[in-house]
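A.B. asks: got a predicted structure here, sequence first:
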Amino acid sequence: MNTNVKVGILLRVSSNSQSVDSQKLPLLDYVEKQQYELVNIYEDTISGVAKVKPARERLLEDIRKGKINKVVVFSVCRISRNTADFLKFMDELQELKCDLYIHTANLDTNSTFGRTMLSFVAIMAQFEREMLKARISEGISNRKKQGLPVGRPSSVNTGIIEAIKILKEQGIGARETMRRLNIGTKIYYQTVRNMPQVHC
């Protein structure tokens, strides 16, 4: 066993009805094949956009204590669905000199290629988020120029549904989405309830 690499496996599901086995089993297999020392498994049952993830915080605390020097996770969205939050997590790992392995992407920050690719992914995610903000702002501006209403809609239309969907996929929370689209609580949650659920 390679006891120089002390691993913490990070798992996350959005609800109690979901199983972590699809994440856990391949990660355990990876750790075993690499002959790493498995220190602990950290499991959160919480939305990916939640600001506080208790198990992830316990993982970080153990890293600070020197118990773990490599985090193993199934996919990027199991860490966070919020770009800023993901970058903050990555920065902290870097400061603590802790490596990260992302199974679905086969990326490992222990290699130069892995570090470069993860940085690129983070930059592109931030770019997409800024472009989305620009498109929404431009759309509102164009409606104003055309004399079309931009206030709270009286009913849910296709544009609102698509905008809410895009913002959710970008990890934007309910309050910020309602502010950007200038919609009310009722319209937002009515739309979300009717959208196909993606547990990521």
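C.D. replies: Structure's in. What do you need?

A.B. asks: export stretch 77-84 as PDB, just CAs?
C.D. replies: In PDB, the C-alpha atoms belonging to stretch 77-84 read as follows (Å, rounded to 0.1, in the frame of the first residue of the first chain):
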ATOM      1  CA  CYS A  77     -20.500  18.700  -9.900                       C
ATOM      2  CA  ARG A  78     -20.100  16.600  -6.800                       C
ATOM      3  CA  ILE A  79     -17.800  19.300  -5.500                       C
ATOM      4  CA  SER A  80     -20.100  22.200  -6.400                       C
ATOM      5  CA  ARG A  81     -22.400  23.500  -9.200                       C
ATOM      6  CA  ASN A  82     -21.300  27.000  -8.400                       C
ATOM      7  CA  THR A  83     -18.200  28.200 -10.300                       C
ATOM      8  CA  ALA A  84     -17.000  30.600  -7.600                       C
END
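
A.B. asks: list the buried residues of that stretch.
C.D. replies: For stretch 77-84, burial by neighbour count (16 or more other Cβ atoms under 10 Å) applies to C77, R78, I79, S80, R81, N82, T83. All C-beta spots, glycine's among them, are computed from the backbone N, C-alpha and C.

A.B. asks: quick one, longest helix in the protein?
C.D. replies: In the chain, assigned by DSSP state H, the helix with the most residues is helix 112-145.

A.B. asks: now that helix: how far from the chain's centre is it?
C.D. replies: Helix 112-145 has its C-alpha centroid displaced from the chain centroid by 15 Å (Cα atoms, centre = their mean, to the nearest Å).

A.B. asks: run through the neighbouring helices and strands of it.
C.D. replies: The contact analysis (3 or more Cβ pairs under 8 Å, 6 or more residues apart in numbering; DSSP states H and E) places helix 112-145 against helix 83-95, strand 107-108, helix 158-169, helix 174-181.

A.B. asks: and the third one, what other elements does it pack with?
C.D. replies: Judged by 3+ Cβ pairs under 8 Å, 6+ apart, the packing partners of helix 158-169 are helix 112-145, helix 174-181, helix 185-194.

A.B. asks: just the shortest one next, same as before
C.D. replies: Helices and strands touching strand 107-108, as assessed by 3+ Cβ pairs under 8 Å, 6+ apart, comprise strand 99-102, helix 112-145.

A.B. asks: pick the most deeply packed of those.
C.D. replies: With neighbours taken as mean count of other Cβ atoms under 10 Å, these reach their highest mean count in strand 99-102, at a mean of 21.

A.B. asks: parallel or antiparallel, list what pairs with the longest strand along the chain.
C.D. replies: The longest strand of the chain (DSSP state E) is strand 2-13. Sheet pairing for strand 2-13, assigned by DSSP bridges, gives strand 36-45 (parallel), strand 70-73 (parallel).

A.B. asks: dump those strands to CSV, plus mean pLDDT, distance to I140 and mean neighbour count.
C.D. replies: Listed next are the strands paired with strand 2-13 as CSV, based on pLDDT from 0 to 100; distance: least, Cβ to Cβ, whole Å; neighbours: other Cβ atoms under 10 Å:
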stretch, mean pLDDT, distance to I140, mean neighbour count
strand 36-45, 95, 36, 18
strand 70-73, 96, 37, 24
